[in-house]
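Asker: 3D, please:
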Amino acid sequence: MLTQRESENESTPKNASSGDQSMDKTVDHAFNFLVDEDESHGNSNGFSVDLSRITSLSIVSPDIIWIGDIRMKRLELVRIANDKSIHKLTQVNVNFLDFSIQKESECLWVSCVDDKSLSVFTRRGKRRAVNCFQSLLPTCVCITAADTVLLGLSEKRNLWVDKNSVRKIVEIEPPNTVLLEIERDQNGKLLFTFPLRCSVNTRTGGIIAIDSTGQTTGRLIMCDPRGHLKHIYTGETFHNFRKPFDPTGVTSVSTGNVVACDHSNETFHVLDSDGILLKIYRADELDVEVPYSVACDGNGNFIIGNWPKTEDQEAKIFLLEESVFSASEICI
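Answerer: Numbering: from 1, shown residues only. Reported below is the predicted structural model:
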């Protein structure tokens, strides 16, 4: 059984039988458009959904959210009702790595594994491939305020890097006009082992990416809006964490603070836009269980998806106010 990070970036060696097998198969996409809403009830400690984990999420509106589970290869559009119950509106079965919502059209942009495409899905699940990358796999994806696409690219779905590796973040104007590339540091060394997630600071326009450096280790790469490297955040060791820094989700709030969830240590790291650590929250301080993915809509709503500790638990959505993460001074 794959661990949580292996199932995202397939970190097994390339000569192993399990390495890239998911990329060698063609899987037909099956769409299931639900007429009757599927309902499950939430509680004060989060709202259960019928996924085994929530590896990505994106906010359409305060009460409508796309959530996804890469192991189940499923995307779901869900609505949070006034009584705090969760209603499933649409289900799409697709082998994906990440997705991001385009606010104006409410279309979902998805990095698809089987055909190495960047594809767009409507709210009813209809798919259109925008760009197919023959030699590169699209990994993370983020739609910017200008409706350009921030996209991670890798030549393989693993953590092995050599002189021929291509691991980078690009900004494109669809379908294929490249506006910038973030690939190497000032010394010409590859910045990324595997670009797992990417985001844009909604206040400063800066680019934030999670670089997965190991099966359960990573770091934050922070760049200015032109793609120039500003800071690399590797986690803080003086907090006596049980495990290395393991960022799996990242977003920003309206003050410009950056919030990354550290899945292995069940914490949230809050940094300012320059990468200075302001505060670390334990997830249980916020009544959140095992956070994995995060999203903020810029209107005060902060949403968290989790990865349960055991296989028999359902994944949950947790709702917070973004003001929780809006500290302006160091308070650790």
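
Asker: how about stretch 287-302: buried residues?
Answerer: For stretch 287-302, the neighbour count (16 or more other Cβ atoms under 10 Å) marks 288-297, 301-302 as buried. Bear in mind the C-beta positions are built from the backbone N, C-alpha and C, glycine included.

Asker: quick check, nearest of the residues you listed to residue 186?
Answerer: Nearest to residue 186, judged by Cβ to Cβ, of those is residue 294 at 29.7 Å.

Asker: which residues does that closest one bridge with?
Answerer: In this structure, residue 294 bridges to residue 304 when assessed by DSSP bridges.

Asker: Residue 89 versus that one, what's the distance?
Answerer: Using Cβ to Cβ, to the nearest Å, residue 294 is found at 22 Å from residue 89.

Asker: Check residue 160 too.
Answerer: Note on residue 160: its distance to residue 89, by Cβ to Cβ, is 40 Å.

Asker: who's more crowded, these two?
Answerer: More crowded of residue 160 and residue 89, by other Cβ atoms under 10 Å: residue 89, with 18 against 14.

Asker: you'd agree the more buried one is up against residue 106?
Answerer: No - taking Cβ atoms under 8 Å as the definition, residue 89 is not a contact partner of residue 106, at 11.9 Å.

Asker: Okay, now the unreliable bits of the stretch 201-332 of the chain?
Answerer: The model of the stretch 201-332 of the chain has pLDDT under 70 over residues 237-240, 332.

Asker: Please enumerate the strands of it.
Answerer: Here the stretch 201-332 of the chain has its strands, by DSSP state E, counting those that start in this stretch, at 207-214, 217-223, 229-233, 247-252, 258-262, 267-271, 277-282, 291-296, 301-306, 316-321.

Asker: Tabulate these (JSON lines), appending distance to residue 64.
Answerer: Output for these, formatted as JSON lines (distance: least, Cβ to Cβ, whole Å):
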{"stretch": "strand 207-214", "distance to residue 64": "25"}
{"stretch": "strand 217-223", "distance to residue 64": "29"}
{"stretch": "strand 229-233", "distance to residue 64": "32"}
{"stretch": "strand 247-252", "distance to residue 64": "17"}
{"stretch": "strand 258-262", "distance to residue 64": "21"}
{"stretch": "strand 267-271", "distance to residue 64": "24"}
{"stretch": "strand 277-282", "distance to residue 64": "26"}
{"stretch": "strand 291-296", "distance to residue 64": "12"}
{"stretch": "strand 301-306", "distance to residue 64": "11"}
{"stretch": "strand 316-321", "distance to residue 64": "12"}
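
Asker: Determine which of those strands approaches residue 46 most closely.
Answerer: Per Cβ to Cβ, nearest to residue 46 of these: strand 316-321, 3.4 Å.

Asker: and the closest residue in space to residue 259 that isn't next to it in sequence, how many neighbours?
Answerer: The shortest distance from residue 259 to any non-neighbouring residue, by Cβ to Cβ, 6 or more residues apart in numbering, is to residue 325 (4.8 Å). When neighbours are counted by other Cβ under 10 Å, residue 325 registers 26.

Asker: again with the one 3 residues further on
Answerer: By other Cβ under 10 Å, the residues close to residue 328 number 10.

Asker: is it true that residue 206 touches residue 200?
Answerer: Yes - using Cβ under 8 Å, residue 206 is in contact with residue 200, at 7.2 Å.

Asker: Mutual contacts of those two, please.
Answerer: Residues touching both residue 206 and residue 200 (Cβ atoms under 8 Å, 6 or more residues apart in numbering): there are none.

Asker: The host helix or strand of residue 89 pairs with which strands, parallel or anti?
Answerer: Using DSSP states H and E, residue 89 sits within strand 85-93. Here strand 85-93 is paired, per DSSP bridges, with strand 30-32 (antiparallel), strand 38-43 (antiparallel), strand 74-80 (antiparallel).

Asker: Tell me the buried residues in stretch 60-72?
Answerer: 60, 64-70.

Asker: Using PDB, list the CA coordinates for that stretch.
Answerer: Below are the C-alpha coordinates for stretch 60-72, written out as PDB (Å, rounded to 0.1, in the frame of the first residue of the first chain):
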ATOM      1  CA  VAL A  60     -16.300  28.000  -5.800                       C
ATOM      2  CA  SER A  61     -18.400  30.100  -3.300                       C
ATOM      3  CA  PRO A  62     -18.700  30.100   0.500                       C
ATOM      4  CA  ASP A  63     -21.000  27.100   0.400                       C
ATOM      5  CA  ILE A  64     -19.800  25.200  -2.700                       C
ATOM      6  CA  ILE A  65     -16.500  23.400  -2.900                       C
ATOM      7  CA  TRP A  66     -14.600  21.100  -5.200                       C
ATOM      8  CA  ILE A  67     -12.800  18.300  -3.300                       C
ATOM      9  CA  GLY A  68     -10.600  15.500  -4.600                       C
ATOM     10  CA  ASP A  69      -9.000  12.200  -3.600                       C
ATOM     11  CA  ILE A  70      -6.100  11.100  -5.800                       C
ATOM     12  CA  ARG A  71      -6.100   7.600  -4.500                       C
ATOM     13  CA  MET A  72      -9.800   7.100  -5.300                       C
END
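
Asker: Which residues outside stretch 178-191 are in contact with it?
Answerer: Contact with stretch 178-191 is made by 148, 161, 165-173, 192, 207, 209, 211, 221, 223, 226-227, 229, as judged by Cβ under 8 Å, 6+ apart.
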